[in-house]
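**Student:** Provided below for reference: sequence and predicted model.
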Amino acid sequence: MSLSIAIVGATGNVGRKIIEVLDKRNFPLDSLYLVASKNSAGKEIEFKNKKLIVEDLEKFDFSKATISFFCCGSTITKEWAEKVAKQSIVIDNSSLYRMNPDVPLVVPEVNWQDLKHFKKKNIIANPNCSTAQLVVPLKPLHDLYTIKRIVVSTYQSVSGAGKEPMDELISQTKQFLNNETIQSKKFTKQIAFNAIPHIDVFADDGYTKEELKMVNETKKILDQNIKLTATCVRIPVLVSHSESVNLQFEKSFNLEEARSVLSKAEGCKVIDERKDGGYITPFEAEGKFETYISRMRVDHTENNCLNLWIVSDNLLKGAALNAVQIAETLINKKLI
């Protein structure tokens, strides 16, 4: 079949990463259209040694695109996604449609079968970055032992908030090292050499929206019966999110069996040696497609509990890569 792709928000962090992933994975497309606001229209972006001109969202004809990746905020998505979905399959990276019962929320390694229902609205939701990397290794463990409860603390890079926060971390670092006054515009407190236990807005119960996203999205993707509590923290790292995870299973488990299962699981890579440097860090995960698992150990304080350290590039598995994998699955499973 003839396949054409449009990327809305092509000049942003995630849009540019989708272009990169399409290239690296040799995605089978006939045409690629780059779309953005009129302020970015006319810019040139290279793809497969060709310079493509960014087109104006207001003027673009979406009937030319088989699939349209939305890599913009919820405001633009709310205005445009359903209109575009009348002409093109929309894969949305915003939070707008994630909990909509008529929109599948998909991590292909975990619940690709939910894609069979995408035609209700012709929209597919990409999960929150922290959720995406969490459920990839949890799926094979859940299949084997049945996860009862999850306690997760995240250590999230600034790129999860966008390009300007990345720039602010760099500028604050320079200001700190030069003994200059630290200026915080994109964060509630200084991010350089600090940790901020606050991502997104607070709910009435004291949790943040980011933490509630992890709770609700994990239930929708993996299992409604799983209990999850989260604390989400922003740290001064440019790219890649890390998660300290404690799992409680319904069944007894064997640590070596769990390690073996994860070593063979799609999308997972175990780096877990009990020695100096025998684990993954966010710096090493940047630019990689895998979700990494380290520090596997039995939690002896409760029955059937396992501790994990999970790291992945949030711009890839947490956004661009997962979106492209959704499109690949639609093709490979002959759903379009």
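**Tutor:** Arrived safely, thanks for sending. Quick caveat: nothing in here was measured; it's all calculated off a predicted structure.

**Student:** Tell me, what's the model's pLDDT at M1?
**Tutor:** On the pLDDT scale, M1 is placed at 66.

**Student:** ok, V158 - how many residues close by?
**Tutor:** Neighbours of V158 under the rule other C-beta atoms under 10 Å: 26. Any C-beta I mention is one placed from the backbone N, CA and C, and that applies to glycine too.

**Student:** Could you do the one 3 residues further on as well?
**Tutor:** Here the count is done by other C-beta under 10 Å, and A161 has 19 residues near it.

**Student:** Next: T329.
**Tutor:** T329, neighbours per other C-beta under 10 Å, totals 17.

**Student:** which residues does D56 contact?
**Tutor:** D56 sits next to 35-38, 41 when contact means C-beta atoms under 8 Å, 6 or more residues apart in numbering.

**Student:** Tell me the one among these nearest to D143.
**Tutor:** Nearest to D143 among those is V35, at 39.1 Å by C-beta to C-beta.

**Student:** how close does the closest one get to K209?
**Tutor:** Distance, V35 to K209, by C-beta to C-beta, to the nearest Å: 28 Å.

**Student:** Neighbour count: these two, which is higher?
**Tutor:** Comparing V35 with K209 by other C-beta under 10 Å, the one with more neighbours is V35, at 29 against 14.

**Student:** Was I right to think that one contacts E58?
**Tutor:** No. Shown here, V35 and E58 do not form a contact pair, counting by C-beta atoms under 8 Å, at 9.7 Å.

**Student:** which neighbours do those two share?
**Tutor:** By C-beta under 8 Å, 6+ apart, no residue touches both V35 and E58.

**Student:** Of the contacts of D56, which is the nearest to V84?
**Tutor:** For those, the residue nearest V84 by C-beta to C-beta is V35; the value is 9.7 Å.

**Student:** Test for you: state the pLDDT assigned to the closest one.
**Tutor:** At V35, the model reports a pLDDT of 97.

**Student:** quick one, what contacts V136?
**Tutor:** Per C-beta under 8 Å, 6+ apart, neighbours of V136: 107, 109-110, 265, 267-268, 291, 312, 317.

**Student:** Distance across stretch 149-166, terminal residue to terminal residue?
**Tutor:** Stretch 149-166 stretches 33 Å from its first residue to its last (C-alpha to C-alpha, to the nearest Å).

**Student:** Pull out the buried positions in it.
**Tutor:** For stretch 149-166, burial by neighbour count (16 or more other C-beta atoms under 10 Å) applies to 149-152, 154-161, 165-166.

**Student:** how much distance is there from that stretch to the middle of the chain?
**Tutor:** 10 Å (C-alpha atoms, centre = their mean, to the nearest Å).

**Student:** Mind listing what's buried along the top helix by length along the chain?
**Tutor:** If you go by DSSP state H, the chain has its longest helix at helix 129-145. Residues 129-142, 145 are the ones in helix 129-145 that count as buried (16+ other C-beta under 10 Å).

**Student:** Next: stretch 236-255.
**Tutor:** Of the residues in stretch 236-255, those buried (16+ other C-beta under 10 Å) are 236-237, 239-249, 253.

**Student:** gap between N246 and S40?
**Tutor:** For N246, the distance to S40 - C-beta to C-beta - is 43 Å.

**Student:** for the residue lying farthest from the centre of the chain, helix, strand, or coil?
**Tutor:** In the chain, the greatest distance from the average C-alpha position (C-alpha atoms, centre = their mean) is reached by N179, at 35.6 Å. The local conformation at N179, judged by DSSP: H, G, I helix; E, B strand; the rest coil, is coil.

**Student:** What are the phi and psi values at it?
**Tutor:** Note on N179: its backbone torsions stand at phi 60, psi 40 [degrees, to the nearest 10].

**Student:** ok, it - contacts?
**Tutor:** The neighbourhood of N179, defined by C-beta under 8 Å, 6+ apart, contains no residues.

**Student:** The one 3 residues further on too?
**Tutor:** Listed by C-beta under 8 Å, 6+ apart, the contact set of I182 reads 172, 175-176, 190, 192.

**Student:** Sitting in helices, which of those do you find?
**Tutor:** Of the positions in the contacts of I182, 172, 175-176 sit in helices, assigned by DSSP H.

**Student:** Since that was my last question, I'll sign off now.
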